[in-house]
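**Student:** just a sequence and a predicted model for now, questions to come.
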Amino acid sequence: MRLTRAKTGALLVVRRLPEDPVAERQIRAVGLLPGSLTRIIRRAAFWGPLLLEAEGRTIALGWKAARNVDVMLATDPGPERARDIE
């Protein structure tokens, strides 16, 4: 599912980044990598940026970039990974 379609508060695993090399590089630079855990903390209105928590950091990601990030629900992150996201 697209990051923009995920529910606020859900624990997610990043599956795939955008195919566009510039967008991929920008997203990697803020710390979102395939396999990393993230959670949507807040959504701005009218397709504004998403505020994410990822690997213990807070990240703002624009809607246009976020809609090209593929994620899945994290069903059981394990105790070590669950602590990382809190």
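**Tutor:** It's in. All of these numbers come straight from a predicted model, not from anything done at the bench. Residues are numbered from 1 along each chain as shown.

**Student:** find the residue at the geometric middle of this protein.
**Tutor:** The centroid of the chain falls nearest to Thr38 when counting by C-alpha atoms, centre = their mean (4.8 Å).

**Student:** where in the protein is pLDDT low?
**Tutor:** Low-confidence segments of the chain (pLDDT under 70): 76-86.

**Student:** where do the helices sit along it?
**Tutor:** Under the criterion DSSP state H, helices of the chain are mapped to 21-29, 63-66, 78-85.

**Student:** find the nearest non-adjacent residue to the residue nearest to the centre of the chain, please.
**Tutor:** Excluding its sequence neighbours, the residue lying closest to Thr38 (C-beta to C-beta, 6 or more residues apart in numbering) is Ala54, at 4.1 Å. From N, CA and C alone the C-beta is placed, and that goes for glycine too.

**Student:** roughly how far does that neighbour sit from Glu24?
**Tutor:** Noted for Ala54: a distance of 15 Å to Glu24, by C-beta to C-beta, to the nearest Å.

**Student:** rewinding a little: now do the contacts for the residue nearest to Thr38.
**Tutor:** By C-beta atoms under 8 Å, 6 or more residues apart in numbering, the contact set of Ala54 is Gly31, Leu32, Ser36, Leu37, Thr38, Arg39, Ile85.

**Student:** tally of neighbours for Met72?
**Tutor:** Close neighbours of Met72, defined as other C-beta atoms under 10 Å, add up to 12.

**Student:** in contact with it, which residues?
**Tutor:** By C-beta under 8 Å, 6+ apart, Met72 lies in contact with Met1, Leu12, Val13, Arg15.

**Student:** can you pick the most crowded of these?
**Tutor:** Most neighbours among the contacts of Met72, by other C-beta under 10 Å: Leu12, with 22 neighbours.

**Student:** surely that one is in contact with Ala74?
**Tutor:** Yes - using C-beta atoms under 8 Å, Leu12 is in contact with Ala74, at 6.0 Å.

**Student:** picking up where we left off before, could you measure from the residue nearest to Thr38 over to Arg39?
**Tutor:** 8 Å.
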